[in-house]
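> I would like the atomic coordinates for the input below:
(chains A and B)
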2 protein chains.
Amino acid sequence: MSERFAQLPQPPYYAVIFPSQRTPGDQGYGAMAQRMTELASEQPGFLGIESARDTTGFGITVSYWSSLEAIAAWREHAEHQVAQETGKRQWYEHYEIRIAKVGRSFGLSGPGADPANSKPD
Amino acid sequence: MSERFAQLPQPPYYAVIFPSQRTPGDQGYGAMAQRMTELASEQPGFLGIESARDTTGFGITVSYWSSLEAIAAWREHAEHQVAQETGKRQWYEHYEIRIAKVGRSFGLSGPGADPANSKPD
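Next comes the predicted model:
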């Protein structure tokens, strides 16, 4: 399985769904995004992150957390706040943030495998 | 705002978070994906869909629904079931499906705009 997939515990846990449209050009975005992923992964309650951006600059990042309190603390983190402000001014044409509670998950690896159901919520 | 973003009501609603790694080559995937998006959008309870896939074949699709029942009905839809089976056999190296309840959302449009908070859940 690719390292692109978050290795998560059984639900319940929380997800921050973050679709975004980038402005043209890098403008320091790549380095910031890498730093924020590293920094997020050091925060209490961080469980994992998944991210994909296509060639039009539209991307979706989903980060996973153990609690709403962990999400709130990450949002208030000083270095993350600087990145958020620069994001609003410079890096994003538009974004949405949706905070959700994951109650059920299942997956598939390799041809012919059956999805393994976890406990429904 | 880009049409890439789902136009959603105020929370609560439900999200199906679907990260996936494609196998190499198209193999009919593009046409199926377009058809499934069209078909999903005709289903009762469908609210919207967002999707991004990068050049490595890793992608994230998030579809939004008014209820868990609507998600279950779409999962059981006959034509969708055929696509799911072909997906397991042919299109995906790996995928995960996480079903979540969105309780809060906010967004930003354009430089300098402030996020407009919706009612917290």
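> pLDDT below threshold where in chain A?
A:1, A:109-121 (pLDDT under 70).
> helices or strands up against the longest helix anywhere in it?
The longest helix of chain A (DSSP state H) is helix A:29-41. Identification of packing neighbours for helix A:29-41 by 3 or more CB pairs under 8 Å, 6 or more residues apart in numbering or on different chains; DSSP states H and E yields strand A:46-53, helix A:78-86. Every C-beta, even on glycine, is put in place using the N, C-alpha and C of the backbone.
> what strands line up against whatever helix or strand comes next after the last one, and which way round?
Note on helix A:78-86: by DSSP states H and E, the next helix or strand toward the C-terminus is strand A:92-109. The pairing partners recorded for strand A:92-109 under DSSP bridges are strand A:13-22 (antiparallel), strand B:92-109 (antiparallel).
> switch those strands over to a markdown table; also include distance to residue B:22 and mean neighbour count.
Shown next, in a markdown table, are these (distance: least, CB to CB, whole Å; neighbours: other CB atoms under 10 Å in any protein chain shown):
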| stretch | distance to residue B:22 | mean neighbour count |
| --- | --- | --- |
| strand A:13-22 | 20 | 22 |
| strand B:92-109 | 6 | 21 |
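> those: which one's closest to residue A:5?
Judged by CB to CB, the one of these that comes nearest to residue A:5 is strand B:92-109, at 5.9 Å.
> just how off-centre is stretch A:56-68 within its chain?
2 Å (CA atoms, centre = their mean, to the nearest Å).
> go through it and flag the buried ones.
Within stretch A:56-68, the residues that count as buried by 16 or more other CB atoms under 10 Å in any protein chain shown are A:57, A:58, A:59, A:60, A:61, A:62, A:63, A:64, A:65, A:68.
> residue A:59: what secondary structure?
Counting by DSSP: H, G, I helix; E, B strand; the rest coil, the backbone at residue A:59 sits in strand.
> can you get me a residue count around the spatially closest residue to it that is not a sequence neighbour?
In space, and not counting its chain neighbours, residue A:59 is closest to residue A:53: 3.0 Å by CB to CB, 6 or more residues apart in numbering or on different chains. Residue A:53 has 20 neighbours, counted by other CB atoms under 10 Å in any protein chain shown.
> for residue A:53, give its distance to residue A:93.
Going from residue A:53 to residue A:93 by CB to CB, to the nearest Å gives 13 Å.
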